[in-house]
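**Q** starting from these lines, generate the structure:
(3 chains)
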Amino acid sequence: MNAELAPGFADPVRAAQSCFRAVLDAMSHPGRVAHVAGVAAQSPLCVASAAVLLTLVDHETPLWLDPDAEPARRWIEFHCGAPIVARPEAGVFAFALSLPDLSQLSAGSHESPETSATLICQIGALDTGRHFRLTGPGLRSATTIAIEGLPPGFVTIWRRNHAMFPRGIDLILCAGDQLTALPRTVSIEEV
Amino acid sequence: MAYVAVKGGERAIRNAHAWLAEERRGDPAVAELGLDQIREQLGRAIDRVMAEGSLYDPDLAALAIKQAQGDLIEAAFLLRAYRTTLPRFAHARPIDTASMRAARRISAIFKDLPGGQTLGPTYDYTHRLLDFELAENQPPPDAARARPDLSPIPRVPDILGREGLLEADGPVDAEPGDLTREPLSFPAGRDVRLQALARGDEGFLLAMGYSTQRGYGGSHPFAGEVRMGEVSVEIEPPELGFAIDIGDLTVTECQMVNQFKGSKTQLPQFTRGYGLVFGYSERKAMSMALVDRAMRAAELGEDITAPAQNPEFVLYHSDNIEATGFVEHLKLPHYVDFQSELQNVRRLREAVEQREAAE
Amino acid sequence: MKGYNFAYLDEQTKRMIRRALLKAVAIPGHQVPFGSREMPLPYGWGTGGIQVTASVLGPDDTLKVIDQGADDTTNAVSIRHFFARTAGVRTTTHTANATVIQTRHRIPEEKLAENQIIVYQVPQPEPLYRLEPSRVETKRMHALSDYGLMHVKLYEDVARLGQISISYDYPVMVNGRYLMSPSPIPAFDNPKMHRMPALQLFGAGREKRIYAIPPWTDVRSLDFEDHPFRPINAHQACGLCGALDTYKDEVITDDRGGRMFICSDTDHCEKRRSPEADKAA
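**A** Model (predicted):
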């Protein structure tokens, strides 16, 4: 069975710019939920995951694929041309359908903290689920976000990531056609 | 008289461009320069612009030279900016200078050697006397012809290398860096350093190379070989599985043989400096080889005492497009910052005067 | 514009710059190296700012370009034309109407809003460069948070001159972690950066560095407790609109020492003089 690959962006120039602005907005305002469009979902990828991958990932960015996201390989290889790497620490990007072990991904170095991985993680929903309180750069005052589908120990996991600053992973969470971003600078508590 | 805020920037720019176009054309009664004339008769300018523009296309270089009114750095800038817009469709295999169809090949370290000493169309032994006959557009006298010897000319490093006298080339399996995609970072590998030198300003490299000969980090260079001629450019399309020839380049290559390295326990060998440049540009190729060798000081265990041995210093200042941009940017308005300095100096002067008045 | 991609840059270059911008936002004040391309304007004339703007800009944006605070200085005109030609984007001289503002050497007087992005042109991204020319060394200093060299320089200023003598490109500490060059804005403008509601992006094309300050982020100008940061400004009022609290250009009006002070921010000054004209884009 050779399923047809869903197409990428219908208007790549415009859609990539629009999706980038959504991600930039999200990364600049942690916890803000943005909507993206311009590409159809292709199982297992939701619209937002597909859009973010098309926007940011290409042949210059090694990508680590979490084993549970293996069904997305063909689409990613075809549309992004990204070299898919076997070792998690070699990924400039990582894509997963549920939060993987962050400590396996590259956290960058003290001299070059920007070389750390960006994790694109698909989760259940961004308008229901457990509530988290966010503070840090990008936020005028504390903000709350609801996320469905993160592991129970997420706050502890994130605290470890945050404590490594300036090193650390940056996270883009995708659900349906929505996304939010958690840069390494944000502090997270469970509400 | 009431002050009217300065306006008219747009009109000024339009007028400036129009005047520039007239200046470029010069006296309309004089025949306009053709690109073919520039390409055919100003070959050294073409070569320099292609090298520093990092783009091999003699016709485009001719256009750039015409557009820049002969300002070669401006012309190289035009090529660089154009290059940025070009799509890449393949990586060529490394050119093989051993198979070069050399128009010129000389070696300063051997009186005679396989392949011989071929002067080629060189200025070396011309007497620098202005030739007023050139002002009269007479055809040049016929040059004597001979049958070309097409056998490959062995490279001097290979000749020396056979006895183990010259250090070998480094490992060749890694992917070379690409300065046009990735910013320079240190420590910079030799591949990236050579790429920077190949597109670096000829004048700067000449001065840096010259400084090493005068004692600022010297390495006793000998010109092992200088060769100039055509090489083939080959690509290997994945669909074909074999290499095809897509064109020729003229390049100049210089192998410098330098201060030997070794000890009582390690067999001494001569060390190398390498220069390679688009077109027929010996001054650049030789300067490049001197500077390449100087920048290897750390690797070869030599004390770093001179600017040419400092890769950060050489490589951050070798790109004349960057250099001219920044030097010339001083012409842009800086009056906001100058106003801050003015206020600063006024405040400091007031403080001194107040202190003096109080005493 | 025929033959060129939207906003001139090819999509691959935009992706590379966009990736750098996202990392920059995640590490406020840290210089992220990027593969700066050769642009049709010379290095040193705003290529970094242009590449950032070109990567951010979309067809729904409204772009303002200023240099020295004014919209019609020659280079601002040139850059605005560049984007009008290559992106067909709407342009404006009104700060309040812009979604993206590219600037050289000034921050607009009017407070920026949350939906705005300001892109600074940066000639020299390394705040320590005058004290230490080697990038290998300064990279190490930033990694170790070792800014002793700068503190000593400021201390020596106070010892020698009685005050800190930096009047523009005054170094700031961002998010309590990175020493950053705010670009050569007058020290007078530094306070505007602190907890700014807009996103601040910085592009240095020749030096090939991008950096960023997210909205609402701490930006503090370096000083000492007993010598607090005190930005300088001319005490004269604007000769056109009367403002006392704006940054002024000094204009020489005759050769007998005659001078006038005029708001450097031309849009702000015009708005003060004819508020109703502000309605039009």
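**Q** my read is that C:Leu144 contacts A:His110, right?
**A** Yes - here C:Leu144 reaches A:His110: they are 7.4 Å apart, a contact under CB atoms under 8 Å. (C-beta placed from N, C-alpha, C; glycine too.)
**Q** okay, those two: which has more neighbours?
**A** A:His110 (14 against 11; other CB atoms under 10 Å in any protein chain shown).
**Q** what's the offset of the lengthiest helix in chain B from the middle of its chain?
**A** For chain B, the helix with the greatest residue count under DSSP state H is helix B:335-358. Taking CA atoms, centre = their mean, to the nearest Å, one finds helix B:335-358 lying 46 Å from the centre of the chain it belongs to.
**Q** indicate whether it makes contact with chain C.
**A** Yes - shown here: helix B:335-358 in contact with chain C (CB under 8 Å from any CB of the partner chain) through B:335-337, B:339-344, B:347-348, B:351.
**Q** enumerate the residues of chain A near chain C.
**A** Residues of chain A lying near chain C (CB under 8 Å from any CB): A:12-14, A:16-18, A:20-21, A:23-24, A:27-29, A:55-56, A:58, A:60-61, A:109-114, A:116, A:118, A:137-140, A:165-166, A:168, A:170, A:183-185.
**Q** for C:Arg140, state which of the residues of helix B:335-358 next to chain C is nearest.
**A** Taking CB to CB as the measure, C:Arg140 sits nearest to B:Asp337 out of the residues of helix B:335-358 next to chain C, at 29.0 Å.
**Q** in stretch B:331-339, what counts as buried?
**A** For stretch B:331-339, a neighbour-count test (16 or more other CB atoms under 10 Å in any protein chain shown) marks B:332-337, B:339 as buried.
**Q** quick one: which helix or strand includes the residue of chain B found nearest chain A?
**A** In chain B, the residue that lies nearest chain A is B:Arg181 (7.8 Å; CB to the nearest CB). For B:Arg181, there is no enclosing helix or strand under DSSP states H and E.
**Q** what of B:Val257?
**A** In this structure, B:Val257 sits in strand B:244-261 according to DSSP H and E.
**Q** could you spell out the sheet neighbours of that strand, each with its direction?
**A** strand B:222-235 (antiparallel), strand B:269-278 (antiparallel) (DSSP bridges).
**Q** I'd like the mean pLDDT over the first one, please.
**A** Going back to what we said before, that points to strand B:222-235. For strand B:222-235, the mean per-residue pLDDT is 96.
**Q** buried residues in that strand?
**A** For strand B:222-235, burial by neighbour count (16+ other CB under 10 Å) applies to B:223-229, B:231-232, B:234.
**Q** what about dumping the CA coordinates of that strand to PDB?
**A** C-alpha atoms of strand B:222-235 as PDB (Å, rounded to 0.1, in the frame of the first residue of the first chain):
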ATOM      1  CA  PHE B 222      60.500  29.200  -2.300                       C
ATOM      2  CA  ALA B 223      58.200  29.200  -5.300                       C
ATOM      3  CA  GLY B 224      58.000  25.500  -5.900                       C
ATOM      4  CA  GLU B 225      55.700  26.000  -8.800                       C
ATOM      5  CA  VAL B 226      53.400  28.500 -10.400                       C
ATOM      6  CA  ARG B 227      51.100  27.200 -13.100                       C
ATOM      7  CA  MET B 228      48.300  28.800 -15.100                       C
ATOM      8  CA  GLY B 229      46.000  27.300 -17.600                       C
ATOM      9  CA  GLU B 230      42.700  25.600 -18.200                       C
ATOM     10  CA  VAL B 231      41.100  22.900 -16.100                       C
ATOM     11  CA  SER B 232      37.900  21.100 -16.700                       C
ATOM     12  CA  VAL B 233      34.900  21.400 -14.400                       C
ATOM     13  CA  GLU B 234      33.100  18.100 -13.900                       C
ATOM     14  CA  ILE B 235      29.900  17.200 -12.100                       C
END
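**Q** from the chain's centre, how far out does it sit?
**A** Centroid separation for strand B:222-235 versus its chain: 16 Å, with CA atoms, centre = their mean.
**Q** what does the shortest one give?
**A** Here the centre of mass of C-alpha atoms in strand B:269-278, compared against the chain's by CA atoms, centre = their mean, lies 15 Å away.
**Q** what's the average pLDDT for it?
**A** 96.
**Q** quick check: mean pLDDT across the next helix or strand after that strand?
**A** With elements assigned by DSSP H and E, the helix or strand that comes after strand B:269-278 is helix B:282-295. Summarised as a single mean, pLDDT over helix B:282-295 is 97.
**Q** what packs against the biggest strand by length in chain A?
**A** Counting residues, the longest strand found in chain A (DSSP state E) is strand A:125-135. Applying 3 or more CB pairs under 8 Å, 6 or more residues apart in numbering or on different chains; DSSP states H and E, we find strand A:125-135 packed against strand A:143-148, strand A:170-175, strand A:178-182, strand A:187-190.
**Q** show me what counts as buried in the shortest one.
**A** Within strand A:187-190, the residues that count as buried by 16+ other CB under 10 Å are A:Ile188.
**Q** what's that strand in contact with?
**A** Residues from elsewhere that reach strand A:187-190 (CB atoms under 8 Å, 6 or more residues apart in numbering or on different chains): A:130-136, A:154-155, A:158-159, A:162, A:182.
**Q** and it, how far from the chain's centre?
**A** Distance of strand A:187-190 from the chain centroid (CA atoms, centre = their mean) equals 18 Å.
**Q** spatially central residue for chain A, please.
**A** In chain A, the centroid-proximal residue (CA atoms, centre = their mean) is A:Ile120; its distance is 2.1 Å.
**Q** surely that residue is in a strand?
**A** Yes - residue state for A:Ile120 (DSSP: H, G, I helix; E, B strand; the rest coil) corresponds to a strand.
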